[in-house]
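Q: Test case, fold it:
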Amino acid sequence: MNFEFDGNKMQIIGNRILGKRDNKEEEEKVSPGGIVMPRTAVKRDSVIEVVAASDDVGAFGAAKIEVGQKVVVGAYVGVDVILGGDDYVMVDVTDVLGVVYSGK
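A: Next up, the predicted model:
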């Protein structure tokens with residue numbers, strides 16, 4: 001599957017997914033003592049939304065990983081990628097710890 005951004009296309013190769021983290025918590029923070037903590041020192045969200053997947057990704061174990069799903073990955077897993085000014089993370093499907101399902 002190709003991922004489109006700013007009029008360009010990217011083909012994901014191998015058994016990987018491209019996800020988007022919720023960046024609300026990744027801004028610089030100031031501790032109560034006034035120390036500025038850069039976003040690299042702030043804990044990352046471990047739930048990402050899958051925005052694209054390689055053609056090799058399909059059924060993985062008992063769960064099927066599809067675009068639009070939310071998956072749980074390690075906080076410092078994957079490669080950070082900036083495409084079209086947006087932050088994404090490229091993750092190997094073996095680093096996916098679980099799939100988040102909504103509803104009952």
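Q: End to end on stretch 55-67, go ahead and measure it.
A: Using C-alpha to C-alpha, to the nearest Å, one end of stretch 55-67 lies 11 Å from the other.
Q: avg pLDDT for that stretch?
A: Stretch 55-67 comes out with an average pLDDT of 72.
Q: again with stretch 92-101
A: Model confidence over stretch 92-101, given as mean pLDDT, is 89.
Q: ditto for stretch 15-26
A: Along stretch 15-26, the predicted local confidence has a mean pLDDT of 77.
Q: what about the residue lying closest to residue 48 once chain neighbours are set aside, distance to residue 73?
A: Nearest residue to residue 48, sequence neighbours excluded (C-beta to C-beta, 6 or more residues apart in numbering): residue 19, at 3.2 Å. Every C-beta, even on glycine, is put in place using the N, C-alpha and C of the backbone. Taken as C-beta to C-beta, to the nearest Å, the spacing of residue 19 relative to residue 73 amounts to 7 Å.
Q: can you list residues touching both of those two?
A: In the contact map built from C-beta atoms under 8 Å, 6 or more residues apart in numbering, the residues linked to both residue 19 and residue 73 are 48, 89, 91.
Q: and the residues you listed, which of them are in strands?
A: Using DSSP state E to define strands, the subset of those located there is 48, 89, 91.
Q: Count the neighbours of residue 93 for me.
A: Close neighbours of residue 93, defined as other C-beta atoms under 10 Å, add up to 19.
Q: Now do the closest residue to it other than its chain neighbours: how many residues are near it, please.
A: Nearest in space to residue 93, with sequence neighbours left out and distances taken as C-beta to C-beta, 6+ apart, is residue 15 at 4.8 Å. By other C-beta under 10 Å, 15 other residues sit near residue 15.
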